[in-house]
Every structure is written in structure tokens, then in C-alpha cells.
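Engineer: output the structure for:
(one chain, ligands or ions: 2)
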Amino acid sequence: MIRLEGVGKRFARGDVEALRDVSLNVAPGEFVAIVGASGCGKSTLLRLVAGLVPASSGRVVLDGTPVVGPRADTAMVFQAPTLLPWADVLRNVTFPLRLMKQAGGDTEARARALLETAGLKGFENRLPKELSGGMQQRVAICRALLQQPRVLLMDEPFGALDALTREEMSIELLRIWSGLRMAVLFVTHSISEAVLLADRVVVMSPRPGRVAEVIEVGLPRPRGFEQEGTPEFQTAAQRIRALIYGERVPRAA
Ligand SMILES: Nc1ncnc2c1ncn2[C@@H]1O[C@H](COP(=O)(O)OP(=O)(O)OP(=O)(O)O)[C@@H](O)[C@H]1O
Ligand SMILES: [Mg+2]
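Structural biologist: Ligands and ions are numbered 1, 2, ... in the order given. Okay, here's the model as predicted:
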């Protein structure tokens, strides 16, 4: 469904080669996590799939059509929350659907339900600046989910959340995903989060970013934190760790 064909990205500014020859296929309804060192091009990869920046070489194809700009069936959660400062939480969440003239009679009720699951009940009429960073990020996640996109791009969506909310949100994301079954590209710095969530984990090498290896996570679904103790989980996590650190796996003396 999502196909990256030898995608390269070079930024003229600073003459940075961010990505080189990245090829990847994501099936409909598949959950793919992307991990790799800071600066290896993960955000750039997501922006390319979102149609926010053009590739320098190769191409991104979605459902057989080359991506040339943002699409209504693709939603993105950015690394930092990007809310409209003048609109309250509810209007922020419903904004894309209203913008695309796809808001229906049940849009507001669905938005309220999503906000409630994200622990934001009672904050519907607050402005972004009245919320903490983690709360703002949860609003951005609700906004993406409300669109019921076929492709959901998430760039370290839980990075600003405290550990407990992060665990709750990841299970909630899996629950919603199992209902909607959109294709998900999920960037994270957390190896255990990647293994817990994903069908496959793409490990990227440092700049210029390339696909170092793709790890299949065979854990049964529905997933839960109790699986973290299983040999399958540990094997996958160790493999990813080894790929990221190479010979330099950090070790206490
Ligand atoms: N708009 C831009 N203009 C110039 N260089 C850019 C731009 N966006 C990203 N880069 C460069 O491309 C490289 C990859 O950046 P990117 O943000 O994709 O990395 P990342 O893997 O998401 O890092 P992090 O884990 O820290 O978020 C970096 O060297 C960065 O400086
Ligand atoms: Mg990034």
C-alpha cells in the first residue's frame, strides 16, 4: 500500500544527505515502527510519505499513485504538538475534517469520545496554551485518529508523555488500530515500544539514513506489557539494540 522506491533526500540547505536509497513496503493495516539514531532521517521519511517534502531521488507510492502532496487519507502526528493556538481543544481535533468538508453529524461526538479516552475530558473548551506539553500532544493524536486515516504517520508521538500515560496511550493506540486497521508508520526512540506495537521494526543506519534491517515481531495480538518478559520480545529487542549500537552496546563496568 505504501511503497518507498529507492528514496533519497538531500537538503540543499547545509548540503545534508538525510536519506539514501530507502526502499520499503507497508501492507494495508500493517503497523511498522521506525527506529534509529537521532538525525538518521526518520522525521524526513515520514514527511516524504505525508507529501510535505519532495524526494530528491526515487519515489513514494501510495495505493499505486505517486505522492506529490498532502492527501486526505493520510494523517500525521508531529514530533512536537502543532495545534492552532486560537482554537479550543475540540475545534483543534475537528479542524482537519472541517477543513476538508468531511465533518458529519457524529464528528463532534466522536471527537469527545476520543478526548475522553485520551484523558482530556473536561478540557474540550480549553486553549492549547492552557494545557501541558503532553496534553497538547494527546490532542494532536486525537486529531489524527478522528480522521480515520488509511495511513497514519506518527513521529515520536509519545515522546512528551510521562511513562505511565505513554503506556496507557500505546495500548489505546493498539486498540483503536485493531478496529480501524490503518497502515501505521510509527517513529520511536524506544526499542521496547517499537517491539510492543509493531508487526515489523525498521532499523535505520546513521546519516545518510538507510534501512539497516527490518525485524519481524512475531508476538501474538492483542499485545500487552506482560509480553515484555517473553523470550520472543527479548530476542527482538536485543537484535534491534545490537543493530543500533553495533559493537558499542553500552555496558556498566
Ligand atoms: N528542512 C531541513 N533543512 C535542512 N536540513 C534538514 C531539514 N530537515 C532535516 N534536515 C537534516 O536531515 C537530517 C535528518 O533529520 P531528521 O529530522 O529527519 O532526523 P530524525 O531521525 O528525525 O532525528 P530525531 O530522532 O532527532 O528526531 C538531519 O541531519 C537534519 O539536520
Ligand atoms: Mg525526528
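Engineer: pLDDT weak spots in the stretch 101-250 of the chain?
Structural biologist: Flagging of the stretch 101-250 of the chain using pLDDT under 70 yields the residue ranges 247-249.
Engineer: for ligand 1, what are the nearby residues on it?
Structural biologist: If contacts are counted using CB under 6 Å from any ligand atom, the residues of the stretch 101-250 of the chain sitting beside ligand 1 are residue 207. Any C-beta I mention is one placed from the backbone N, CA and C, and that applies to glycine too.
Engineer: can you show me the strands along the stretch 101-250 of the chain?
Structural biologist: Along the stretch 101-250 of the chain, the segments classed as strands by DSSP state E, counting those that start in this stretch run 151-155, 183-187, 200-205, 210-216.
Engineer: got these as a markdown table, with mean neighbour count columns?
Structural biologist: As requested, these are exported to a markdown table (neighbours: other CB atoms under 10 Å):
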| stretch | mean neighbour count |
| --- | --- |
| strand 151-155 | 24 |
| strand 183-187 | 24 |
| strand 200-205 | 22 |
| strand 210-216 | 16 |
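Engineer: and the residue nearest the centre of the protein?
Structural biologist: residue 154 (1.8 Å; CA atoms, centre = their mean).
Engineer: separation between that one and residue 76?
Structural biologist: Separation of residue 154 from residue 76 (CB to CB, to the nearest Å) stands at 8 Å.
Engineer: one more: residue 171?
Structural biologist: Distance from residue 171 to residue 76, counting by CB to CB: 22 Å.
Engineer: quick one: which of these two has more around it?
Structural biologist: residue 76 (24 against 16; other CB atoms under 10 Å).
Engineer: identify the bridge partners of the residue lying closest to that one once chain neighbours are set aside.
Structural biologist: On the basis of CB to CB, 6 or more residues apart in numbering, the spatially nearest residue to residue 76 that is not a chain neighbour turns out to be residue 153, at 4.3 Å. When assigned by DSSP bridges, residue 153 has beta-bridge partners residue 76, residue 185.
Engineer: residue 153 contacts residue 78, doesn't it?
Structural biologist: No: at 9.1 Å, residue 153 and residue 78 do not qualify as touching, with contact defined as CB atoms under 8 Å.
Engineer: check contacts around residue 55.
Structural biologist: 7, 8, 9, 48 (CB atoms under 8 Å, 6 or more residues apart in numbering).
Engineer: so which of those residues is the most crowded?
Structural biologist: residue 48 (26 neighbours).
Engineer: and the gap between that one and ligand 1?
Structural biologist: Distance of residue 48 to ligand 1, given as CB to the nearest ligand atom, to the nearest Å: 9 Å.
Engineer: ok, now residue 61?
Structural biologist: Counting by CB to the nearest ligand atom, the separation of residue 61 from ligand 1 is 20 Å.
Engineer: so for the helix or strand harbouring that residue, mean pLDDT?
Structural biologist: Taking DSSP states H and E as the definition, one finds residue 61 inside strand 57-62. In this model, strand 57-62 has an average pLDDT of 97.
Engineer: how far off strand 183-187 does it point, in degrees?
Structural biologist: With axes from the mean of the first three to the mean of the last three CA atoms, to 10 degrees as the criterion, the two stretches strand 57-62 and strand 183-187 enclose an angle of 130 degrees.
Engineer: in this structure residue 2 contacts residue 185, no?
Structural biologist: Yes: in this structure residue 2 lies within contact range of residue 185 using CB under 8 Å: 7.2 Å.
Engineer: overlap in contacts, those two.
Structural biologist: By CB under 8 Å, 6+ apart, residue 2 and residue 185 have these common neighbours: 26, 49, 151.
Engineer: can you put the residues you listed in JSON lines and add distance to residue 145?
Structural biologist: JSON lines is the format used below for the shared contacts of residue 2 and residue 185 (distance: CB to CB, whole Å):
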{"residue": "26", "distance to residue 145": "18"}
{"residue": "49", "distance to residue 145": "18"}
{"residue": "151", "distance to residue 145": "13"}
